[in-house]
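# Can you look at this prediction? I've put the sequence above it.
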Amino acid sequence: MNPNGEARNRKVFVPYLVVAATSLLLLPRHAAAGQSGAPAGDEIGMARELGPETWARCAGHLSNPNAKVYELSHVRSNTMPLSPFAGPFELNYLPSNGLPGTSQVFNMDVLNENANPGQQGTQIDALGHFGYLDEAWDGTSPLSLEGAHYYGGFTQEEVKPIPSSPLLKLGMDRVPPIVTTAILLDARRHVGGGKPMSAGEVVTAQHIEGMLKAQGLEERGLLPGDVVYVYTGWSDRYQDPDTDKVYYSMAPGLSYDAAKYLGEQRVVAVGLDTPTIDALADGQLAGTAGPPPGSPPEMMFPVHYYFLTQAGIHNLENVKLDELARDQVSSSCTIVLPLREKGAAGSPIRPIAIGAPGR
């Protein structure tokens, strides 16, 4: 690792981290412990909707002779775009080695110290990734977590009692395999007019209903347990190697009313081809621009807040949707398998979709 590069990244990373920590907890006093209809103590959220019914919905896609398999993840590498909220990602490749007394050789690799692989590349957020306080933290006084709340009515003491603790509740080890039907909404075509959506631009609930109609999905609609993929076209800026550093600095995303609409449909996960499912205007991370209109007060990541702490819906970020959109695969069977990392707040994923082009 380049020490100078590491120092430069740290200078950028620290203020981003302060902003992120602040915005995670700038949430309203009236927020409920959860609004998904789940019993107190629930740890899996809308994944309760998964099971034989969602698997059966996949059958038509899997048996279609015209179906194709679509990779929905980006290749992970040392030069991919990296989140400013997570540590550096550097896979170090070890020399080939041998086993004494045998004719075998083997190869291995290791990650760098302080890596956060669960928050880099195509990934899923655990429900315990976000919590909220009753009052805003000013960002200068010591952060008190005593009153932090999480999905299911869990407290900070129950979820992460000490700084070095894993998530004792709501971690990645609680997330079941996601095997269900998926709906792709082509916002690049129907919201952006065929061009990538702009940074800070939002997909609203009205847009979602309009896209369902335009794509011939109005009668089917969104079903409980669906995964919803939203293609914004922002992934055109996903470069590897990441030379311009634009991809993570801003992005389009969902509006707060869109998040609530999707929660009402009881979808299990929502994935965008963006670094965060929340919209980020140019300058928002630096504090020179505000969140999208309609966001609750004092929130930078309102969709994260609603999905993870209120509705129990998982975020899928940096999803590769260009080929699915190109082939107009509006409905498919999707499989999303997170790693079962005990107490982790996120996980790399390799989601796939199986569906017929033009359907």
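That came through fine.
# Tell me the secondary structure at residue 180.
Put simply, residue 180 is strand when judged by DSSP: H, G, I helix; E, B strand; the rest coil.
# Run through the bridge partners of it.
Note on residue 180: beta-bridge partners residue 334, judged by DSSP bridges.
# for it, what are its contacts?
50, 54, 55, 57, 58, 225, 226, 227, 268, 333, 334 (Cβ atoms under 8 Å, 6 or more residues apart in numbering). Bear in mind the C-beta positions are built from the backbone N, C-alpha and C, glycine included.
# Only whichever of the residues you listed are buried, select them in PyMOL.
To isolate the buried members of the contacts of residue 180 in PyMOL, using 16 or more other Cβ atoms under 10 Å:
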select buried, resi 50+54+57+58+225+226+227+268+333+334
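# Show only the entries of the contacts of residue 180 found in strands.
Mapping those onto strands (DSSP state E) picks out 227, 333, 334.
# Name the nearest residue to residue 79, sequence neighbours excluded.
Nearest residue to residue 79, sequence neighbours excluded (Cβ to Cβ, 6 or more residues apart in numbering): residue 241, at 3.7 Å.
# returning to what we had before: JSON lines for the ones in strands among the contacts of residue 180, including pLDDT and distance to residue 135?
Listed next are the ones in strands among the contacts of residue 180 as JSON lines, based on pLDDT from 0 to 100; distance: Cβ to Cβ, whole Å:
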{"residue": "227", "pLDDT": "98", "distance to residue 135": "35"}
{"residue": "333", "pLDDT": "98", "distance to residue 135": "44"}
{"residue": "334", "pLDDT": "98", "distance to residue 135": "39"}
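# Helices along the protein, start to end?
Per DSSP state H, the chain carries helices over the ranges 3-25, 52-63, 156-159, 187-190, 205-214, 256-264, 302-304, 322-326.
# So, low pLDDT: which residues of the chain?
Applying pLDDT under 70 to the chain picks out residues 1-37, 359.
# how about it, which residue sits the furthest from its center?
When each C-alpha in the chain is compared with the mean C-alpha position (Cα atoms, centre = their mean), residue 101 comes out farthest, at 47.2 Å.
# how close does that residue get to residue 173?
Distance, residue 101 to residue 173, by Cβ to Cβ, to the nearest Å: 38 Å.
# and what of residue 265?
Separation of residue 265 from residue 173 (Cβ to Cβ) stands at 27 Å.
# and if you look at residue 320?
Distance of residue 320 to residue 173, given as Cβ to Cβ: 26 Å.
# between those two, who's got more neighbours?
Between residue 320 and residue 173, counted using other Cβ atoms under 10 Å, residue 320 has the larger neighbour count: 20 against 17.
# Surely that one and residue 122 touch.
Yes - with contact defined as Cβ atoms under 8 Å, residue 320 counts as touching residue 122 (6.8 Å).
# Now do the shared contacts for those two.
Any residue near both residue 320 and residue 122 by Cβ under 8 Å, 6+ apart counts here, and that gives 72, 73, 74.
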